[in-house]
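A.B. asks: Build the 3D model from these lines:
(chains A and B)
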Amino acid sequence: MGVILRAENLTKTFKLSAKQQKIEKTNVKIRTAVKNLSFSVNEGEIFGLLGPNGAGKTTTLRMLATLIKPDSGDGTVDGASIVREPEKVRSRIGFLTSELKLEDFFTPNYLYDFFSELHGVPADVRNDRKKRLFSTFGIGEFAEVKVGELSTGMKQKASLAIALVHDPSVIIFDEPTNGLDVITAKVVTDFLEELKKEGKTVIVSTHIFSLAEKLCDRVGIIIQGEMAALGTLEQVQGGKSLEDSFFDIYSERMGGSV
Amino acid sequence: MKSTVFTIFKKELKRFFSDKRMAVTTILLPGLMIFVMYNFMGSAISNIANVDENQSVYISAVNIPESMEAVFSQWGIETDIISENDIQTAKDAVSAGGDISALVIFPENFEKSAAEYDVSEGGKAPNIEIYYNSADTASLTVYSMLTEIFDSYESSMANKFDINNSDTDYDLSSDRDITATVFSTLLPLLMLVFLYSGCMAVGIESIAGEKERGTIATLLVTPAKRSHIAVGKIGALAIIALLSGASSAIGTLSSLPKLMAGAAQEISGSFYTASDYILLALVILSTVLVLITIISIVSAFAKTVKEAQSYVLPVMIIVMLAGITGMFGEAKTEIFYYMIPIYNSVQSMVGIFSFNISYAHIAVTVGANIIAAGIGVFILTRLFGSERVMFSK
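C.D. replies: Just a heads-up that it's a prediction; the model follows:
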């Protein structure tokens, strides 16, 4: 079981606009979202990036998905560099976040085919895979309904299927269960376990510790853009619940109780 | 990976045509509205210009000579002879805009005094007074009829010579010349307006709209090259904008004759040959490519559709100014002017419509526009790759 994804000293800063400075009552023009972040993910495991809102989880995942470029540092996905070979990386990952939306005017069926074409999936492979994915998520019933007319849960299912059109080896999932009702959330978590069984590598970011405890093999805790703890779930838990252990790490970092 | 371009291209077209509201408002409505509007304007104008000759008009007259009364009735003017005591009543009637359209007061013994009047003696000529109401269309028409009648009456009294007094057609301009003048003055600007609004409708929606709804990010996370996405989108948008422009152009061409119904000559698009139209199509196609890339680039900077709409307005003004230059004078002869995108399109269209076609000018125009569009696609590609532009909050 080798390393399939590696982040090496990833650093990302954002310029704050005058308006943002005002809102946050600060004179600092540049915010460091992620600082010298390094970690690796082994093939076939579910890795969880944990941390409070604004810790830098989404920024890290976006860099790995090549949507944004790191200021410094690099990362590799299945051997391809996120800085130098973004297109190769994109062909090997499935990236899912609530910010990636599907166009309202099309049906899940059409969009599935559209994204398959963009990924260069041959038609026969596409159809077999579609049949399997649509039945997994129960999309068949609304495959020909326009996305705009679907419920949030249905949209999420369609997004899942479409993120996997090219059968990616690594699936990056930002806040997988955010905004989903319990039933749809269960469909998603079940599916992540299913993916793991198939030997896929999954990276999820979440601030829901119970989810991480249930799913993840290894976790990394990010606080203020830095990796505060990294290891197997058991190592990071240290005999406590993940939540308790997180609060310990957090107060240690921030110098004070939570 | 040429197929990526085609995949994006197909999706954009499908997106557009599966949205019935958008397809109708962008393609069907512009042409239909122009046709209805111009026809309405045309008939309104000719209604004002032509007085219904079968309809009688009424005037009051004082001291009217019998011969004059006969002339008036030939023109369909019914005269009500009144005495000098009733002048004020008649004036009030004209002022009120009622059935009496004008009041004509002849001097006593008008015919005699007019015949005896000698210009060389320098005395005051007999004066006919016509009271009318310029706020009333009927009254104004009668007033101009009366002055016309009296003018010709006056010239017939001392007829020394005539001008163009026969049925010969003295205006030697041909219908073709008139068409050239009208088309080359009006159409370049109109075409530009139509094409720009077509591009605006679809360009903003496809770039800023996708950004606003977060669907472009889904596209950007696929291995599709940014340049392929840009080319696919521009290609599809250009076709839709062309259809929209064509709809407006058909609406205009089919209603121009009606709009110009007042003119003596027949204007018609049939004076242009097939090769004229082919050249025109090339110019228009290259123009659309430039316009759609400009609008796409501007839209890419906007976070929302609304924001994009406010950004494209200043650009529209610049484009319109280029169009207005086409309304004055003939097409430029210096090749330099044909290297400026948009402006060159206007000049080329003026050239084509006025039958002064220069193949070199058109070739330079099309070339310059394609190069400009190419640079635009390059910029758009960079913008698609720029996280600050695509993922700005």
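A.B. asks: only C-alpha atoms for contact and neighbour calcs from this point on.
C.D. replies: Noted.
A.B. asks: Got the phi and psi for the residue nearest to B:Ile81 when sequence neighbours are not counted?
C.D. replies: Spatial nearest neighbour of B:Ile81, excluding adjacent residues (CA to CA, 6 or more residues apart in numbering or on different chains): B:Ala61 at 5.0 Å. Per-residue torsions, B:Ala61: phi -140, psi 150 (degrees, to the nearest 10).
A.B. asks: again, but for B:Ile77
C.D. replies: phi -100, psi 120.
A.B. asks: what pairs with it across the strands?
C.D. replies: With DSSP bridges as the criterion, B:Ile77 is bridged to B:Val57.
A.B. asks: ok, back up a step: show me what the residue nearest to B:Ile81 bridges to in the sheet.
C.D. replies: Assigned bridge partners for B:Ala61, using DSSP bridges, are B:Ile81, B:Val104.
A.B. asks: quick one, strands of the chain?
C.D. replies: This is for chain A. A:3-15, A:30-42, A:46-50, A:72-77, A:80-81, A:93-96, A:170-174, A:201-206, A:218-223, A:226-232 (DSSP state E).
A.B. asks: wrong one, chain B
C.D. replies: Using DSSP E, strands in chain B cover B:57-62, B:77-81, B:100-105, B:129-131.
A.B. asks: How about the residue positioned nearest the centre of chain B, nearest residue that isn't a chain neighbour?
C.D. replies: The residue lying closest to the centre of chain B (CA atoms, centre = their mean) is B:Leu186, at 5.7 Å. With CA to CA, 6+ apart as the criterion, B:Leu186 has its nearest non-adjacent residue at 6.6 Å, and that residue is B:Met327.
A.B. asks: was I right about the residue nearest to B:Ile81 contacting B:Pro107?
C.D. replies: No: assessed by CA atoms under 8 Å, B:Ala61 is found out of contact with B:Pro107, at 10.9 Å.
A.B. asks: Looking only at neighbour counts, state which of these two leads.
C.D. replies: B:Ala61 (24 against 17; other CA atoms under 10 Å in any protein chain shown).
A.B. asks: Now for that one: which residues touch it?
C.D. replies: B:Thr79, B:Asp80, B:Ile81, B:Ile82, B:Leu103, B:Val104, B:Ile105, B:Phe106 (CA atoms under 8 Å, 6 or more residues apart in numbering or on different chains).
A.B. asks: What confidence value was assigned to it?
C.D. replies: According to the prediction, B:Ala61 has pLDDT 91.
A.B. asks: measure it to chain A for me?
C.D. replies: 74 Å (CA to the nearest CA, to the nearest Å).
A.B. asks: Please tell me how far that residue sits from B:Ala114.
C.D. replies: 18 Å (CA to CA, to the nearest Å).
A.B. asks: again with B:Met320
C.D. replies: 58 Å.
A.B. asks: Also A:Leu111?
C.D. replies: 91 Å.
A.B. asks: Just want to know which of those two has more residues nearby.
C.D. replies: A direct count of neighbours by other CA under 10 Å for A:Leu111 and B:Ala114 places A:Leu111 higher, at 21 against 15.
A.B. asks: Might you report the residue contacts of that one?
C.D. replies: A:Leu102, A:Ile162.
A.B. asks: My guess is A:Ile203 contacts A:Leu50. True?
C.D. replies: No: between A:Ile203 and A:Leu50 there is no contact under CA under 8 Å: 10.7 Å.
A.B. asks: more crowded one of those two?
C.D. replies: A:Leu50 (26 against 23).
A.B. asks: which residue sits closest to the more buried one, ignoring its sequence neighbours?
C.D. replies: Nearest one to A:Leu50, counting by CA to CA, 6+ apart, is A:Ile221 at 4.7 Å.
A.B. asks: Same check on B:Asn164?
C.D. replies: B:Tyr170 (7.3 Å).
A.B. asks: What's the separation between the nearest residue to A:Thr177 once chain neighbours are set aside and A:Lys157?
C.D. replies: Once flanking residues are discounted, A:Thr177 sits nearest to A:Ala185: 5.2 Å by CA to CA, 6+ apart. Distance check for A:Ala185 against A:Lys157: by CA to CA, it reads 10 Å.
A.B. asks: Against B:Ile163, how distant is the residue nearest to B:Asn164?
C.D. replies: Taking CA to CA as the measure, B:Tyr170 falls 11 Å from B:Ile163.
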